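Q: Give me the fold of what follows.
(2 chains)
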There are 2 protein chains.
Amino acid sequence: MPARARTIRALVFDVFGTVVDWRGSILRECRALGRAKRLAVDWDAFTDAWRAGYRPAMARVRSGELPWMNIDQLHRMLLDELLQRFAIDSLTEEEIDHLNRVWHRLDPWTDVRRGLALLKRRHIIATLSNGNVALLVNMAKHGRLPWDAVLSAELFHHYKPDPEAYLGAAAMLGLEPSEVMMVAAHKDDLRAAQACGLATAFVRRPREKGPKVKVDVSPEPSFDYNARDFVDLAKRISR
Amino acid sequence: MPARARTIRALVFDVFGTVVDWRGSILRECRALGRAKRLAVDWDAFTDAWRAGYRPAMARVRSGELPWMNIDQLHRMLLDELLQRFAIDSLTEEEIDHLNRVWHRLDPWTDVRRGLALLKRRHIIATLSNGNVALLVNMAKHGRLPWDAVLSAELFHHYKPDPEAYLGAAAMLGLEPSEVMMVAAHKDDLRAAQACGLATAFVRRPREKGPKVKVDVSPEPSFDYNARDFVDLAKRISR
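A: Numbers count the residues shown, from 1 in each chain, chains lettered A, B, ... in the order given. Presented below is the predicted three-dimensional model:
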């Protein structure tokens, strides 16, 4: 067992892309909506544009240009723009609100439930997502994700990769940063966690951006673990 | 099914006394400590004094006399006084810290795990405790409590019965206060929740203060439910 594994008390997980397949889930629901409402929309482009707006929107909050807004609010701001851009004008307010909450109904990757069950045996497992608490709680009910705690940037009013999010999560669990390991499919998230003293586990999610986009899934020796998926991570940690 | 039950989305639970038997758990651990360290202490009096200090300590935070301190910190402040008062001077710092965290290791009442599993099927179940997040997460691991979310006064920097705690919990779950039901064995907690627009469920815990102290377990028609225990509550809600 690597020295690390003995001192790690909690694993905190990035969620969008790492735990759940946001792209596949949103595409499925949007296509069904398109059929039901007879909308001729390029849903691949729509879905990718929605996600592409996410980082710039958070950056505007992080810089102080926008006041604190949670992810439901940012997603809705982006969605209102997209409905215009894609000329979708036949949805009621109720339907738009329901569509905005598709982010609460994202499906986990196929290894997630089994992997989390294994990891939960010896560690605290918690989210550490930019998604708001309500979104994460509803997603956990939807996907039967057995979190011990739902931690969110919303609790700290700081989005990742601000250090306050990582340090806040460790403090809220009553742990030193070195007792907490960030698990993510995104290297920038892990590097920011590492700079705060957290341990790091990289998980490959080659299909996060769909079948056509190549994502960087190469292992990096600077991370404490590089794993294929959550089940593989559980095996490596307990070795 | 009462009208209420159809609109309730989340149940939020008081923890000390309602979910866990703080008195029995602390007594067991203190007695074991006393035997191990050969301490001649009236542990009933010690335990009751520790708990009795809790409300006045929170009141000092609520009034602004003390800055925000979480329950681990308040418990430790009280414990340091008690160690003096009960002339316990042979504990190391590590042993005192471990004793202070006995509040993280409280055992649930016997109906709790079964009741929560039933209630979790159709509702979000979350803590809403004055205990800090780390304490509640550790307690859930210790007692295998399947919370969907761990909410705490710590997130709002307001102890119950301040309205910010109840309204903050509903907002954080993305729900209206009327969609949330407070579950507690303490009528003052329920009345404060009610004043904020939450639904209320009273649960009898006649042994909370030990075998010698009578507690008020009479049902009150102003609460939406009056239940014997969590299993009984689950049955009443699904009726």
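Q: show me where chain A has helices.
A: A:3-7, A:22-37, A:43-52, A:54-62, A:71-85, A:93-100, A:112-120, A:133-143, A:153-156, A:163-172, A:187-195, A:230-238 (DSSP state H).
Q: out of those helices, which comes closest to chain B?
A: For the helices of chain A, the distance to chain B is smallest for helix A:133-143, at 3.0 Å, taking Cβ to the nearest Cβ. Any C-beta I mention is one placed from the backbone N, CA and C, and that applies to glycine too.
Q: could you give the angle of the closest one to helix B:163-172?
A: Going by axes from the mean of the first three to the mean of the last three Cα atoms, to 10 degrees, helix A:133-143 is angled at 50 degrees with respect to helix B:163-172.
Q: any idea how far A:L99 is from the closest residue in space to A:D89 that isn't next to it in sequence?
A: Closest residue to A:D89 apart from its sequence neighbours, by Cβ to Cβ, 6 or more residues apart in numbering or on different chains: A:L83 at 7.2 Å. A:L83 sits 9 Å away from A:L99 when distances are taken as Cβ to Cβ, to the nearest Å.
Q: what touches both of the two?
A: By Cβ atoms under 8 Å, 6 or more residues apart in numbering or on different chains, A:L83 and A:L99 have these common neighbours: A:L91.
Q: These two: which is more packed in?
A: Under the criterion of other Cβ atoms under 10 Å in any protein chain shown, the comparison of A:L83 against A:L99 puts A:L99 first, with 21 against 17.
Q: which residues touch that one?
A: A:E29, A:C30, A:L33, A:L79, A:L91.
Q: where does it land on pLDDT?
A: Listed pLDDT for A:L99 reads 98.
Q: Flag every residue of chain A that's near chain B.
A: Contact residues, chain A versus chain B (Cβ under 8 Å from any Cβ of the partner chain): A:72, A:124, A:126, A:132-135, A:137-138, A:140-141, A:146, A:148-150, A:154-155, A:172-175.
Q: Need the buried ones from those residues selected in PyMOL.
A: Per 16 or more other Cβ atoms under 10 Å in any protein chain shown, the buried members of the residues of chain A next to chain B correspond to this PyMOL selection:
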select buried, chain A and resi 72+124+126+132+133+134+135+137+138+140+141+148+149+150+154+155+172+173+174+175
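Q: circling back: highest neighbour count among the contacts of A:L99?
A: A:L79 (21 neighbours).
Q: who touches the residue lying closest to it once chain neighbours are set aside in this structure?
A: Distances taken as Cβ to Cβ, 6+ apart place A:N100 nearest to A:L79, at 5.3 Å, with adjacent residues excluded. Residues counted as contacts of A:N100 (Cβ under 8 Å, 6+ apart) are A:D72, A:H75, A:R76, A:L79.
Q: Rebuild these as CSV, extending it with pLDDT.
A: Formatted as CSV, the contacts of A:N100 follow (pLDDT from 0 to 100):
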residue, pLDDT
A:D72, 97
A:H75, 98
A:R76, 98
A:L79, 98
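Q: Report the two of the residues you listed separated the most.
A: Largest separation among those by Cβ to Cβ: A:D72 and A:L79, giving 10.2 Å.
Q: Got the domain ranges for chain A?
A: A:3-21+A:107-238, A:23-104 (automatic domain parsing).
Q: roughly how far apart are the spatially closest residue to A:G34 that is not a sequence neighbour and A:F202?
A: Nearest residue to A:G34 in three dimensions, chain neighbours excluded: A:V41, at 5.7 Å (Cβ to Cβ, 6+ apart). In this view, A:V41 and A:F202 are 35 Å apart by Cβ to Cβ.
Q: Go ahead and confirm A:D162 touches A:S63.
A: No. The pair A:D162 / A:S63 is not scored as a contact, 10.8 Å apart, by Cβ atoms under 8 Å.
Q: higher neighbour count, those two?
A: More neighbours surround A:D162 than the other of A:D162 and A:S63, with 18 against 8 (other Cβ under 10 Å).
Q: In space, what's closest to A:V231 - neighbours in sequence excluded?
A: Using Cβ to Cβ, 6+ apart and skipping the chain neighbours, the partner closest in space to A:V231 is A:G115 (4.4 Å).
Q: contacting residues for the one you found?
A: So, once contact is read as Cβ under 8 Å, 6+ apart, A:G115 ends up touching A:D229, A:F230, A:V231, A:D232, A:L233, A:A234.
Q: for the third one, what are its contacts?
A: Residues in contact with A:V231 (Cβ under 8 Å, 6+ apart) are A:D111, A:R114, A:G115, A:L118.
Q: And the buried ones among the residues you listed, selectable in ChimeraX?
A: Typed into ChimeraX, the line below selects the buried ones among these, using 16+ other Cβ under 10 Å:
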select /A:111,115,118
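Q: hmm, back to that, between A:V41 and A:F202, which has more neighbouring residues?
A: A:F202 (26 against 17).
Q: So what sits opposite the more buried one in the bridge?
A: A:A184, A:N226 (DSSP bridges).
Q: Surely it is in contact with A:A184?
A: Yes. A contact is recorded between A:F202 and A:A184 when judged using Cβ under 8 Å, the distance being 6.9 Å.
Q: what residues are shared contacts of these two?
A: With Cβ under 8 Å, 6+ apart as the test, A:F202 and A:A184 both reach A:L190.
Q: Surely A:R60 and A:W68 touch.
A: No. Applying Cβ under 8 Å as the test, A:R60 and A:W68 come out as separate, 11.1 Å apart.
Q: And these two? Which one has more around it.
A: A:R60 (15 against 12).
Q: which non-adjacent residue is nearest the more buried one?
A: Nearest one to A:R60, counting by Cβ to Cβ, 6+ apart, is A:L66 at 4.5 Å.
Q: do the same with A:Y225
A: A:A201 (4.0 Å).
Q: same deal with A:G143?
A: Closest to A:G143 by Cβ to Cβ, 6+ apart is A:P108, at 4.5 Å.
Q: and that neighbour, how many neighbours?
A: 22.
Q: gap between it and A:T92?
A: In terms of Cβ to Cβ, A:P108 sits 30 Å off from A:T92.
Q: Low-confidence regions, chain A specifically.
A: Applying pLDDT under 70 to chain A picks out residues A:1-6.
Q: residue with max distance from the center of it?
A: A:R38 (30.8 Å; Cα atoms, centre = their mean).
Q: So that one versus A:L198, what's the distance?
A: 49 Å.
Q: now swap in A:G143 and tell me
A: Here A:G143 is placed at a distance of 25 Å from A:L198 (Cβ to Cβ).
Q: residue contacts, A:A193?
A: A:Y166, A:M182, A:A184, A:T200.
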